[in-house]
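S.K.: A predicted structure for the sequence below; I have some questions about it.
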Amino acid sequence: MYSEKVIDHFSNPRNVGEIENPSGVGTVGNAKCGDIMRIYLDIDNNEVIRNCKFKTFGCGAAIATSSMATELVIGKTVQEAMEVTNLAVMEALDGLPPVKVHCSLLAEEAIHAALWDYAQKNHLVIEGLEEPKKEILS
Ligand code: FES
């Protein structure tokens, strides 16, 4: 039911933890299941994401998607990171079971929330970025 990549990222999640003095931090919860994801970003002066860490209090699919999302955004510019959608994360994991698709939305929203925090702190506008939801309702 789960791909090998999902099992791998769930069993050995990459980039777990916190970043001290992050450039941006975002926390998003899912109102239905109660799972919570927090993403920390370290962004250099050229707007490149140097490092990304996560803490997820949630299901296995949420942990696997957070882990994959951190790997996908590291090394990207903030604008490129906008392309790391839940679909991109799911594709990189070779898919998720339909009932677990909502878990991948947490990863997308948490990245957006961290980018939003970074943009707010630095008075920047990131194209296509809207104020993220604190809570996902589906
Ligand atoms: Fe809540 Fe997966 S069941 S994020």
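M.R.: Everything's here; your move. Numbering: from 1, shown residues only.
S.K.: center of this structure, which residue is that?
M.R.: Taking Cα atoms, centre = their mean, the centroid of the chain lies closest to A107, which sits 3.4 Å from it.
S.K.: So which elements touch the longest helix anywhere in the chain?
M.R.: Assignment by DSSP state H gives helix 101-122 as the longest helix of the chain. Counting by 3 or more Cβ pairs under 8 Å, 6 or more residues apart in numbering; DSSP states H and E, the packing neighbours recorded for helix 101-122 are strand 24-30, strand 36-43, helix 60-73, helix 78-81, helix 86-92, strand 135-136. No exception for glycine: its C-beta is placed from N, CA and C like everyone else's.
S.K.: pretty sure the residue nearest to the centre of the chain contacts M37?
M.R.: Yes - the pair A107 / M37 is scored as a contact, 6.6 Å apart, by Cβ atoms under 8 Å.
S.K.: Residue ranges in the chain under the pLDDT threshold?
M.R.: For the chain, the stretches flagged by pLDDT under 70 are 138.
S.K.: Now with 90, please.
M.R.: 1, 31-32, 132-138 (pLDDT under 90).
S.K.: Those residues of it touching the ligand, which are they?
M.R.: Counting by Cβ under 6 Å from any ligand atom, the positions of the chain adjacent to the ligand are 30, 33, 35, 58-59, 61-62, 103, 106.
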